[in-house]
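# Build me a model:
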Amino acid sequence: MTLTVADRAVRTHPERAERDGLRMAKADLRYPEAPAPSDLRWLVGQALRRAFGLLGWSLKEAAAKVGRDERQVARWLNGAERPQLDALFAVEELRQPIVQALSELVGAEVEVTIRLRRSS
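All right, here's what the predicted structure looks like:
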């Protein structure tokens, strides 16, 4: 009986793998490990969440303003990824709330002062 190419591959592959000590690689990339609340990425994400809250933006609105996908912005908020500060600071109306939220993160007391000048 003549062996075909497929028969040889099926017959020899497990033997070669065992002989060479090879194993199948396994990776689970869909569910990354959640960061701990003490993790800096998580803390920065909470500050970013606070900044969006100061502006009254939903996740969808924030993603549209920043020009990123909602899922990516959600990963920033959850601490799964580091936020891209250059993309955030490119949105002028977001600059002050980010600075305020990060200042609150380190325990600084934030005071907002409004001065009006009368023109005569």
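# Please enumerate residues in contact with stretch 78-89?
32, 34-35, 39, 41-45, 48, 66-68, 72, 75-76, 94-95, 98 (C-beta atoms under 8 Å, 6 or more residues apart in numbering). Every residue, glycine included, has its C-beta placed from N, CA and C.
# Below-threshold pLDDT in this protein: ranges please.
Applying pLDDT under 70 to the chain picks out residues 1-35, 37-38, 120.
# now with 90?
Counting by pLDDT under 90, the chain has low-confidence residues at 1-40, 105-120.
# so who does the closest residue to residue 60 other than its chain neighbours touch?
Leaving aside its sequence neighbours, residue 60 sits nearest to residue 70 (C-beta to C-beta, 6 or more residues apart in numbering; 5.9 Å). Taking C-beta under 8 Å, 6+ apart, we find residue 70 in contact with 59-60, 63.
# could you flag which of these are buried?
residue 63 (16 or more other C-beta atoms under 10 Å).
# Turn the contacts of residue 70 into TSV, including secondary structure and distance to residue 113.
Formatted as TSV, the contacts of residue 70 follow (DSSP: H, G, I helix; E, B strand; the rest coil; distance: C-beta to C-beta, whole Å):
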residue	secondary structure	distance to residue 113
59	helix	31
60	helix	32
63	helix	31
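# Using TSV, lay out the contacts of residue 70 together with distance to residue 111.
Shown next, in TSV, are those (distance: C-beta to C-beta, whole Å):
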residue	distance to residue 111
59	29
60	31
63	30
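# from the contacts of residue 70, which is closest to residue 108?
residue 59 (26.3 Å; C-beta to C-beta).
# residues in contact with that closest one?
52, 70, 73-74, 77.
# Would you agree residue 104 is in contact with residue 50?
Yes: at 6.9 Å, residue 104 counts as touching residue 50 under the criterion of C-beta atoms under 8 Å.
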